[in-house]
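In: model this:
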Amino acid sequence: CFNLPSFRPGQYRGIVKALQGSDALVLLPTGHGKSLIFQLAGLLLPGVTIIIEAWRSLIDDQVRNLEDRGIGRVVAIHKDRQLNPDTGVREMCDAILVYIAPERLYVDSFQAPLDSVLRERGCDLLVVDEAHAVSEAGHSFRPSYLGLVDRMSSLCALAAVCRPPVLALTATAADIVVRDIRGILAIAEPPVSLIGETDGPAFVRSNLSDTVIRVSAADGDSAVDKALSD
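Out: Model (predicted):
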C-alpha cells in the first residue's frame, strides 16, 4: 500500500525495534519517513497502535495521507473529530491506528472506549511522534507528556493487560533533548539514528546550505533584500 521500492537508512531498524516490543527512540531528519516506521509496524501488529501527536493539524495530515493510500481503519480523535456516541467504541476496537493528543489519555469520556480496546484487541505500540515536544512542552504548558508512560501503565493495569512498548520519534538531535526524552519516557536503549549508516554527519541535509554575509548596520536591510532575491 505504500508502494516504496526500498527503505531509507534508519527506517528498517526503526521498524524492527517497533516489532520487537522494546521501548525505542528513533532520530531521523525531517522528511526522512519517520511516520512510515510506526504506520507499517501498526499494519503488521495484531493489536491497536496508539499514536500521540502534538497538534491537531499533524493528526489530520497523517489521516489524510493514509486515506489517500487506501488505508482505512484509522481513527483520529480531537476537538473537531469526536467519537460517535453510538459507534465510537466499535470504531476504536476495529482500528489499526488511533491518533490522539497526550491530554486525551486523561479525558473521562475516553476511558471506556480505551478500556474496551485494551481488553478486546490490546495495544501493541504506543507511539510518541514529534517526541521533542515531550521535553520542550512537557515541562511547561503540556504536563500530560510527562506522565504518559505512567498513565498508560495504569490504564493497562486496570484492563489486566501489559503496557505496550513506547516508540518515540523526532528529528531533534540535541543531546540534552535526547536525554530528557529518554528519561521522561523511560527508554533505556540508545537511539536509532543514521550514525554509522551514512557518510558524514547524520543530520546534514545536502539540499540546504548556510552563508554568512558581513555587512554594516547601515547596509543591513539592503543586504537582506538582495539575499532573498538571489
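In: From now on I want contacts and neighbour counts done on CA atoms only, so please keep to that.
Out: Noted.
In: which other residues reach the helix or strand hosting residue 176?
Out: For residue 176, the host element (DSSP states H and E) is helix 175-185. Contacts with helix 175-185, where a contact means CA atoms under 8 Å, 6 or more residues apart in numbering, come from 25, 131-132, 134-135, 146-149, 166, 172, 187-188.
In: Now do the buried residues in it.
Out: Neighbour counts over helix 175-185 (16 or more other CA atoms under 10 Å) mark 177, 178, 181, 182, 184, 185 as buried.
In: Would you map the strands across this structure?
Out: 24-27, 48-52, 74-76, 97-100, 123-128, 166-170 (DSSP state E).
In: would you turn those into a markdown table with mean neighbour count, mean pLDDT and distance to residue 35?
Out: Output for those, formatted as a markdown table (neighbours: other CA atoms under 10 Å; pLDDT from 0 to 100; distance: least, CA to CA, whole Å):
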| stretch | mean neighbour count | mean pLDDT | distance to residue 35 |
| --- | --- | --- | --- |
| strand 24-27 | 26 | 96 | 11 |
| strand 48-52 | 25 | 98 | 10 |
| strand 74-76 | 21 | 96 | 14 |
| strand 97-100 | 22 | 98 | 12 |
| strand 123-128 | 25 | 98 | 10 |
| strand 166-170 | 25 | 97 | 8 |
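In: As a markdown table, the ones you listed with distance to residue 111 would be great.
Out: Shown next, in a markdown table, are the strands of the chain (distance: least, CA to CA, whole Å):
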| stretch | distance to residue 111 |
| --- | --- |
| strand 24-27 | 26 |
| strand 48-52 | 14 |
| strand 74-76 | 16 |
| strand 97-100 | 13 |
| strand 123-128 | 14 |
| strand 166-170 | 20 |
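In: returning to what we had before: show me just the buried residues among the contacts of helix 175-185.
Out: Those of those that meet the buried threshold are 25, 131, 132, 134, 135, 146, 147, 148, 149, 166, 172, 187, by 16+ other CA under 10 Å.
In: Now do the same contact list for the residue most central in space within the chain.
Out: Centroid-nearest residue in the chain, with CA atoms, centre = their mean: residue 129, separated by 1.3 Å. Contact partners of residue 129, counting by CA under 8 Å, 6+ apart, are 51, 52, 53, 54, 168, 169, 170.
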